[in-house]
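Colleague: Sequence plus the predicted model coming up.
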Amino acid sequence: MYSLHAATIAIIAANVLVSLKGFNDQLFFDRYKFSIGGIKAGQKERALTSGFLHVDIAHLFFNMFTLYFFADVVISWFGPTQFLIIYFISLMAGNLLALFFHKDEPYYSAVGASGAVTGILYAAILLQPNMQLGFFFIPIPLPAYVLGIGYLLYSIYGMKKRVGNIGHSAHFGGAIGGYLTTLLFKPELFQTDTLMVILLALPIIALFALEKLGKL
């Protein structure tokens, strides 16, 4: 589970190189970060390039460290090509959801691979929902699906309350991208793991229900 496939190395290398450039070149960082105003002005490439920029070393490390733990799960099920497809679809889904929720905020901006990484995380959880996961603030490991659902519910709360300087909508959109693409690649999960497919869909349904009701 903790090996580094060439596809994972390539993604990490791209993130490191682009982020280092951004750390040392503010003009580059500002030109390629996710920006509602910039995207509306026609710079649509920002929806992709922003996924390889990070605020600082800690931000970069956390995202790449998380990717390191879960990339191999997805690669072991699908292979490197489909892993990369899930990664990039999740990246774009995260930024598209951020664009949807922040479309009337021209000064809203964000950077980071979090959407793409969350998509890989949610794909891994859908594929192996009972693997045991734990975080430093949760001393007892829990089934992956419990933490996955809990994380998305927290993201809904974060979106509603604007908790921290975190792109909750991009994280959530990435999870949606990872979830849907995994089901596209492995539709038999609807039959073999129906309960998990439904459970992992509940936060997604809740998000759009709340949005429809004007609660977000």
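Modeller: Received, thanks. Source: prediction; values computed, not measured.

Colleague: distance of the closest residue to Gly51 other than its chain neighbours from Ile140?
Modeller: Excluding the flanking residues, the one nearest Gly51 by C-beta to C-beta, 6 or more residues apart in numbering is Leu91, at 4.2 Å. Where C-beta positions appear, they are placed from N, C-alpha and C, glycine not excepted. Applying C-beta to C-beta, to the nearest Å, the value for Leu91 to Ile140 is 32 Å.

Colleague: ok, these two, which is more surrounded?
Modeller: Between Leu91 and Ile140, counted using other C-beta atoms under 10 Å, Leu91 has the larger neighbour count: 28 against 6.

Colleague: so that one makes contact with Leu48?
Modeller: Yes. Leu91 lies in contact with Leu48 (C-beta atoms under 8 Å); the separation is 6.9 Å.

Colleague: Wasn't Val204 part of a helix?
Modeller: Heads up, residue 204 is Ile, not Val. Yes. Residue assignment for Ile204, taken from DSSP: H, G, I helix; E, B strand; the rest coil, places it within a helix.

Colleague: distance of it from Gln132?
Modeller: With distances defined as C-beta to C-beta, the gap from Ile204 to Gln132 amounts to 24 Å.

Colleague: higher neighbour count, those two?
Modeller: Neighbour count, other C-beta under 10 Å: between Ile204 and Gln132, Ile204 has more, with 17 against 10.

Colleague: show me the contacts for that one.
Modeller: With contacts taken as C-beta atoms under 8 Å, 6 or more residues apart in numbering, Ile204 has the following neighbours: Leu152, Phe172, Ala175, Ile176, Tyr179.

Colleague: for Phe185, same thing?
Modeller: Contact analysis of Phe185 by C-beta under 8 Å, 6+ apart lists Phe78, Gln82, Ile86.

Colleague: Next up, identify which helix or strand the spatially most central residue of the chain is on.
Modeller: Taking C-alpha atoms, centre = their mean, the centroid of the chain lies closest to Gly115, which sits 2.3 Å from it. Element membership for Gly115, per DSSP states H and E: helix 114-127.

Colleague: tell me the mean pLDDT for that helix?
Modeller: For helix 114-127, the per-residue pLDDT values average out at 96.

Colleague: Could you point out the helix or strand that follows it?
Modeller: Read in the C-terminal direction, the helix or strand following helix 114-127 is strand 132-135, with elements assigned using DSSP H and E.
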